[in-house]
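Trainee: Predicted coordinates and the sequence they were generated for:
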Amino acid sequence: MHQRLSPATRVSGEICLPGDKSISHRYALIASMAEGESRIHAFSTGADCHSTLGCVRALGISVEEQGTDVIIRGRGLDGLRAPTADLDAGNSGSTMRMLSGILAAQPFISRITGDASLSRRPMERVMKPLGEMGASITAREGRFPPLEIHGRNLRAIDYTLPVPSAQVKSCVLFAGVYAGGTTIVREPVRSRDHTEIALGEFGAQIRVERRVITLSGRPRLMGREVFVPSDLSSAAFFIVAALLVPGSELIIRGVGLNPTRSTLLDVLVSMGANIRILEVTQKNGELVGQISVKSSHVRGGVIERETTAALIDEIPVLAVLGATSEEGLIVRDAAELRIKETDRIATVAENLRRMGIQPDELPDGIRIPGRQRFRAATLDSFGDHRIAMAFSIAALVADGECEIRDAEAASVSFPEFFRILRQVTA
Ligand code: S3P
């Protein structure tokens, strides 16, 4: 699907967005290991989280969808059954990496595959710790999907993450659920902590002290009712849209504001964005609140070190904002961006160039000049949801109509994106 987008005169209204992708994956996986029924409200509508549900079903767990509620009937830690075919993670790195931790502990062999993009993403980052725990995993060329996982009785480990990755951390913690003894994960940089919070909510003994997570093995996880907040990473596109288009005023309700995710808001505010957070409450251990945004002149600046890691998914849309900012934007320490759904340094740079902007690509980042005007262009998602959405926002302030090729990629995390974009720009 190619999407045509015209410049917007204003972004306004009050919107509610679909459930958080990261939290939905975790609730689905943990509910599948728990005893009894879990009801997950506002489960992500994205294809990625449905890949997780598909895998869980293929492992013999009952999954029922009622609108955006998902009901999962777990049979406890040892209730998964050997799948009769390959498990398909689709485009979802989270599904493949986190589920691997669970599969590594099962008394059966499983194979997990993905689409062309996922098949190019590195998996040795999960194979190494799971191997240390006793699992035996083979991969194409030793590191790429598909993974063939020979489950074993796992032993607990004390593991220091070599890369800042919440997916790897979660993989080790899920394996640690099955291991005898105490699993310890040490993080060099703090990454999103939804797994730690959710495991605690379902009954695990888990402690977090600074960047050290300690989990007691073989907990009794109990099914329960949980609510998924709206996805802040999806909200990011609309926040930037409202900042960019003059005269805009937008309210986004019920957004997840977990501090390991909300660095984006801190950075935007420090650059001069008019953003206010209201009505903050807590649900299932996660902060939730309302975001109000008004169009603003943003200064731009440098994003590096742990800040880069904390807003890694938002960098494509920040790059768009950076090009219109006063000083431009420099992103450093972002080598991880090169191994996302696409090489996001290359795909962001290519679309910026098509719009008449000349960024400098760095091995681990990008330098984008400020005070730029976006030229109307034919842009490409390159099959990457966040690239499709980031450049749809750039199109709102281009000097004419733009086309986004393969815009349907957005549905990997946010199928309602174009509908809501039309609603707020109408
Ligand atoms: C995610 C972690 C991040 C992020 C991804 C979702 C998660 O990936 O980019 O979109 O839900 O744990 P890494 O773990 O590779 O940093």
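Mentor: Everything's here; your move.
Trainee: interface residues of the stretch 101-250 of the chain facing the ligand?
Mentor: Among all residues of the stretch 101-250 of the chain, those adjacent to the ligand (criterion: C-beta under 6 Å from any ligand atom) are 165, 166, 167, 170, 192. No exception for glycine: its C-beta is placed from N, CA and C like everyone else's.
Trainee: Which one (most neighbours) among these?
Mentor: Neighbour tally across those (other C-beta atoms under 10 Å): the maximum, 30 neighbours, falls on residue 170.
Trainee: Verify the contact between that one and residue 98 for me.
Mentor: Yes. Counting by C-beta atoms under 8 Å, residue 170 does reach residue 98; the two are 4.8 Å apart.
Trainee: shared neighbours, these two?
Mentor: Where contact means C-beta atoms under 8 Å, 6 or more residues apart in numbering, the residues bridging residue 170 and residue 98 through contact with each are 26, 195.
Trainee: just to revisit the earlier point, now, the residues of the stretch 101-250 of the chain next to the ligand that are in helices?
Mentor: In helices, defined here by DSSP state H, the members of these are 166, 167, 170.
Trainee: could I get the residues you listed as CSV with pLDDT and distance to residue 196?
Mentor: Compiled in CSV, these are given as follows (pLDDT from 0 to 100; distance: C-beta to C-beta, whole Å):
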residue, pLDDT, distance to residue 196
166, 98, 10
167, 98, 14
170, 98, 9
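Trainee: wait, is residue 282 part of a strand?
Mentor: Yes. In this structure, residue 282 lies within a strand as judged by DSSP: H, G, I helix; E, B strand; the rest coil.
Trainee: So what pairs up with it in the strands?
Mentor: Each beta-bridge partner of residue 282 is listed here: residue 287, as defined by DSSP bridges.
Trainee: roughly how far apart are it and residue 209?
Mentor: 21 Å (C-beta to C-beta, to the nearest Å).
Trainee: Which residue of these two possesses the greater neighbour count?
Mentor: Neighbours per residue (other C-beta under 10 Å) separate residue 282 from residue 209, with residue 282 holding more: 10 against 7.
Trainee: Can you read off the pLDDT for the more buried one?
Mentor: pLDDT for residue 282: 98.
Trainee: That one touches residue 288, doesn't it?
Mentor: Yes. Taking contacts as C-beta under 8 Å, residue 282 lies within contact range of residue 288: 7.1 Å.
Trainee: Mind jotting down where the strands sit in the stretch 151-300 of the chain?
Mentor: Defined through DSSP state E, counting those that start in this stretch, the strands belonging to the stretch 151-300 of the chain, from first to last, are 158-160, 182-186, 206-209, 212-216, 225-227, 249-256, 274-283, 286-294.
Trainee: Need the winner for burial among the ones you listed.
Mentor: Comparing these by mean neighbour count (mean count of other C-beta atoms under 10 Å), strand 249-256 comes out on top with a mean of 21.
Trainee: Can you show me the CA trace of it as PDB?
Mentor: In PDB, the C-alpha atoms belonging to strand 249-256 read as follows (Å, rounded to 0.1, in the frame of the first residue of the first chain):
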ATOM      1  CA  GLU A 249      -2.700  21.400  20.400                       C
ATOM      2  CA  LEU A 250      -3.100  17.700  21.100                       C
ATOM      3  CA  ILE A 251      -4.000  15.600  24.100                       C
ATOM      4  CA  ILE A 252      -3.100  11.900  24.300                       C
ATOM      5  CA  ARG A 253      -4.800   9.900  27.100                       C
ATOM      6  CA  GLY A 254      -3.800   6.900  29.100                       C
ATOM      7  CA  VAL A 255      -0.200   6.700  27.900                       C
ATOM      8  CA  GLY A 256       2.400   4.500  29.600                       C
END
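Trainee: for it, packing partners?
Mentor: Strand 249-256 makes packing contacts with strand 12-16, helix 232-244, strand 286-294 when contacts are defined by 3 or more C-beta pairs under 8 Å, 6 or more residues apart in numbering; DSSP states H and E.
Trainee: I'd like the distance from it to the chain centre, please.
Mentor: Taking C-alpha atoms, centre = their mean, to the nearest Å, the mean C-alpha location of strand 249-256 is offset from the chain mean by 18 Å.
Trainee: Contacts for that strand next, please.
Mentor: Identification of contacts with strand 249-256 by C-beta under 8 Å, 6+ apart yields 11-17, 20, 23, 228-232, 235, 238-239, 241-242, 286-295, 424.
Trainee: Any chance of the backbone angles for the residue of the stretch 1-150 of the chain found nearest the ligand?
Mentor: Closest contact between the stretch 1-150 of the chain and the ligand, by C-beta to the nearest ligand atom, is at residue 22 (3.3 Å). Dihedral angles phi and psi of residue 22 (degrees, to the nearest 10) take the values phi -60, psi -40.
Trainee: residues near the nearest residue to it once chain neighbours are set aside, how many?
Mentor: Using C-beta to C-beta, 6 or more residues apart in numbering and skipping the chain neighbours, the partner closest in space to residue 22 is residue 194 (5.3 Å). Other residues within reach of residue 194, judged by other C-beta under 10 Å, total 25.
Trainee: Please read off the pLDDT at residue 194 from the model.
Mentor: For residue 194, the pLDDT comes out at 98.
Trainee: Isn't it up against residue 232?
Mentor: No. Between residue 194 and residue 232 there is no contact under C-beta under 8 Å: 11.5 Å.
Trainee: Find residues that contact each of these two.
Mentor: Between them, residue 194 and residue 232 share these contacting residues under C-beta under 8 Å, 6+ apart: 20, 258.
Trainee: and the residue nearest to residue 11 when sequence neighbours are not counted, what does it touch?
Mentor: Spatial nearest neighbour of residue 11, chain neighbours left out: residue 248 (3.9 Å); criterion: C-beta to C-beta, 6+ apart. By C-beta under 8 Å, 6+ apart, the contact list for residue 248 reads 10, 11, 12, 241, 242, 293, 294, 295.
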